[in-house]
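Peer 1: only the shape, not the letters, is given here:
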């Protein structure tokens, strides 16, 4: 760094008047560190971790805000407020349908098997960036072939359920959160003198979405044999919500 007497001077891209807002943009500026040395650099981004990413002569560096003079620190704090963190969101998912309970009934002409299934969902941070304060929303779908204890005379239909979980706090690389969704009841009905006719409900799949703390969609994952035939439905009022989750750190 060169030593100079310019202090904290804004150059090239824009000027910051006293008390004015900082524009959300790439900023070229002559920065001054705590020892008085100056450095001309472009302010590119930040990840919300107390550091800023600077471009210096074509190369990028990550520096703590505390390395700069007080005027620059104030400038950087204002810039951060109007520029959201630039994070690389990437997730891995482990999803499986889990049987919660089951029972059977037999009236001779009609045999019925009922089971309650839910999805066990694990969300794993696959990014090297630490992400935080996320929300996971899901919609799950069921192919209906029966109607309670009997087959449906209306033919097949589709049901869906939705819910969401909060993911508070930080998720470092390879950190895992696990959830269990609401349950669907699946019925299987056999009827006729020899029980030769059969109708069976079937899970179609689940769509999982991840939102950042400002409500922006950052990832979507689909799981299930028939899920490609479904689109995300507009959320209904009164959708289920849960703040409970199981945490485990695998990294």
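Peer 2: Structure received. Treat the numbers as computed from the prediction; the structure is a model and nothing was measured. Numbering: from 1, shown residues only.

Peer 1: in the stretch 101-250 of the chain, which spans are strands?
Peer 2: In the stretch 101-250 of the chain, the segments counted as strands under DSSP state E, counting those that start in this stretch are 110-125, 131-144, 146-147, 150-151, 157-171, 175-191, 197-200, 202-211, 217-223, 240-242, 246-249.

Peer 1: of all these, which lies closest to residue 46?
Peer 2: For residue 46, the closest of these is strand 131-144, at 14.0 Å, according to C-beta to C-beta. C-beta here means a position set from N, CA and C on the backbone, and glycine is covered the same way.

Peer 1: give the buried residues for that closest one.
Peer 2: Residues of strand 131-144 classed as buried by neighbour count (16 or more other C-beta atoms under 10 Å): 131-132, 134-144.

Peer 1: and what of stretch 181-195?
Peer 2: 181, 183-191.

Peer 1: least confident of those residues?
Peer 2: Lowest-confidence member of the buried residues of stretch 181-195: residue 191, scoring 74 (pLDDT).

Peer 1: who's in contact with the residue nearest the centre of the chain?
Peer 2: The centroid of the chain falls nearest to residue 210 when counting by C-alpha atoms, centre = their mean (2.0 Å). With contact set as C-beta atoms under 8 Å, 6 or more residues apart in numbering, residue 210 has these partners: 89, 91, 123, 134-136, 217-220.

Peer 1: residues near the residue nearest to residue 100 when sequence neighbours are not counted, how many?
Peer 2: Nearest residue to residue 100 in three dimensions, chain neighbours excluded: residue 116, at 4.4 Å (C-beta to C-beta, 6 or more residues apart in numbering). Residue 116: 15 surrounding residues under other C-beta atoms under 10 Å.

Peer 1: next up, the contacts around residue 116.
Peer 2: With C-beta under 8 Å, 6+ apart, residue 116 has these contacts: 99-102, 183-186.

Peer 1: pull the most distant pair out of the buried residues of strand 131-144.
Peer 2: 132 and 144 (39.3 Å).

Peer 1: if we can go back for a sec, could I get the contacts of residue 116 as JSON lines with distance to residue 48?
Peer 2: Converted to JSON lines, the contacts of residue 116 look like this (distance: C-beta to C-beta, whole Å):
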{"residue": "99", "distance to residue 48": "41"}
{"residue": "100", "distance to residue 48": "39"}
{"residue": "101", "distance to residue 48": "43"}
{"residue": "102", "distance to residue 48": "47"}
{"residue": "183", "distance to residue 48": "37"}
{"residue": "184", "distance to residue 48": "38"}
{"residue": "185", "distance to residue 48": "43"}
{"residue": "186", "distance to residue 48": "43"}
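
Peer 1: which among those residues gets closest to residue 165?
Peer 2: For these, the nearest to residue 165 is residue 183 (15.3 Å; C-beta to C-beta).

Peer 1: what about residue 61, neighbour count?
Peer 2: Quick note: residue 61 (other C-beta under 10 Å) scores 13 neighbours.

Peer 1: ok, residue 207 next?
Peer 2: Residue 207, neighbours per other C-beta under 10 Å, totals 21.

Peer 1: mind listing the residues bridging to it?
Peer 2: For residue 207, the beta-bridge partners under DSSP bridges are residue 139, residue 222.

Peer 1: so it sits right up against residue 229, yeah?
Peer 2: No: if you go by C-beta atoms under 8 Å, residue 207 and residue 229 don't touch, sitting 11.5 Å apart.

Peer 1: gap between the nearest residue to residue 134 once chain neighbours are set aside and residue 121?
Peer 2: For residue 134, ignoring the flanking residues on the chain, the nearest one in space by C-beta to C-beta, 6+ apart is residue 167 at 4.1 Å. As judged by C-beta to C-beta, to the nearest Å, residue 167 and residue 121 stand 12 Å apart.
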